[in-house]
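A.B. asks: Requesting a structural model of the entry that follows:
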Amino acid sequence: MRQAGRIVAGVLALMEEELKPGVTTAALDALAEDYIRKSGARPSFKGYPGSYSNYPASICVSIDEEVVHGIPGSRVIEEGQLVSVDAGAIWKGYHGDGARTFYVGTPPPDVARLIQTTRLALMAGIAAAVPGSHVNDISGAVEDVAIEGRCDIVRPYVGHGIGTKMHEDLQVPNYRTGRPGAELVPGVCIAIEPMLALGSADVETLPDGWTVVTTDHSLAAHFEHTIAVTENGPVVLTTA
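C.D. replies: Predicted structure coming up:
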């Protein structure tokens with residue numbers, strides 16, 4: 001999983017480098033798939049089953065009000081857009097999953113706040129993932145940062161267990177549920193992924209069956225790391 005995570009980190013670093021006005025989201029997807037396969041891995045997302053169809057690409061590219069699962073295609077990246085990239089890789093049967101939100105240009109103060117708050121919410125959630133704690137401790141840490149940053153939490157989509165499957169049974173909400181949830185023990189691996197919006201976080205899925213957007217068209221951000229709970233605390237696997 002550490003190697004799968006390194007590959008995901010490499011994909012996201014490549015996307016940051018290549019994300020500029022004039023590039024299409026399909027071109028970004030092609031670069032990402034080439035990187036994953038040349039690294040000896042397979043894309044986790046390509047062919048992933050959905051409600052209506054299997055996911056057709058190797059990464060998700062979600063722009064502005066698109067929260068998650070944006071399908072790459074002919075759309076051209078423009079200055080002033082908020083772009084979230086989600087990537088997954090399978091290395092020898094094990095998965096890594098990570099996401100980052102970028103801004104094309106210099107973000108206005110409210111957009112910078114959204115990006116920073118979402119990133120800090122992820123970091124707070126990771127810090128809470130220590131042995132003996134519970135899933136709700138992670139959820140509460142994420143929620144507290146979101147509230148402090150005056151961002152709304154996209155509640156229908158949550159973090160998840162990960163290992164030999166991209167999505168395993170454990171769910172990690174980004175808000176307190178009122179229940180402690182599963183205890184975190186050494187060896188547990190999870191993907192923590194806050195998704196926050198500047199306006200209302202009510203969402204709907206577009207007719208393509210995949211792309212999730214805010215209903216009021218407010219901007220949304222998404223950050224994600226795959227982590228392992230160890231006796232010495234959380235270890236982030238999706239880093240270089």
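
A.B. asks: now for the lowest-mean-pLDDT helix or strand in the chain, which elements pack on it?
C.D. replies: Sorting the helices and strands of the chain by mean pLDDT, DSSP states H and E puts strand 168-172 at the bottom, at a mean of 95. Using 3 or more Cβ pairs under 8 Å, 6 or more residues apart in numbering; DSSP states H and E, the elements in contact with strand 168-172 are helix 135-148, strand 159-161, strand 189-192. All C-beta atoms are positioned from the backbone trio N, CA, C, and that covers glycine.

A.B. asks: Quickly run through the sheet partners of that strand, with directions.
C.D. replies: According to DSSP bridges, strand 168-172 has the following sheet partners: strand 159-161 (antiparallel).

A.B. asks: longest helix anywhere in this protein?
C.D. replies: helix 109-127 (DSSP state H).

A.B. asks: how near is the nearest residue to Arg150 once chain neighbours are set aside to Gly140?
C.D. replies: Nearest residue to Arg150 in three dimensions, chain neighbours excluded: Arg113, at 7.3 Å (Cβ to Cβ, 6 or more residues apart in numbering). Separation of Arg113 from Gly140 (Cβ to Cβ, to the nearest Å) stands at 21 Å.

A.B. asks: which one of the two has more residues nearby?
C.D. replies: More neighbours surround Gly140 than the other of Arg113 and Gly140, with 19 against 16 (other Cβ atoms under 10 Å).

A.B. asks: what are the ranges of the helices in this protein?
C.D. replies: Ranges of helices in the chain, per DSSP H, are 2-18, 25-38, 109-127, 135-148.

A.B. asks: quick one: stretch 41-57 to chain centroid distance?
C.D. replies: In terms of Cα atoms, centre = their mean, to the nearest Å, the centre of stretch 41-57 is set 16 Å apart from its chain centre.

A.B. asks: Take it, keep the C-alpha atoms, and write them as CSV.
C.D. replies: The C-alpha coordinates for stretch 41-57 follow below in CSV (Å, rounded to 0.1, in the frame of the first residue of the first chain):
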residue,chain,number,x,y,z
ALA,A,41,0.5,-0.2,-11.3
ARG,A,42,-3.1,-0.1,-12.6
PRO,A,43,-5.6,2.7,-12.2
SER,A,44,-8.1,2.0,-9.4
PHE,A,45,-10.9,4.0,-10.9
LYS,A,46,-11.0,2.8,-14.6
GLY,A,47,-13.9,0.4,-15.0
TYR,A,48,-15.1,0.9,-11.4
PRO,A,49,-18.7,-0.1,-11.3
GLY,A,50,-21.4,2.6,-10.8
SER,A,51,-25.1,2.9,-10.7
TYR,A,52,-25.5,3.3,-14.5
SER,A,53,-22.1,2.5,-16.0
ASN,A,54,-18.5,1.7,-15.2
TYR,A,55,-16.2,4.7,-14.6
PRO,A,56,-14.5,5.5,-17.9
ALA,A,57,-11.3,7.2,-16.8
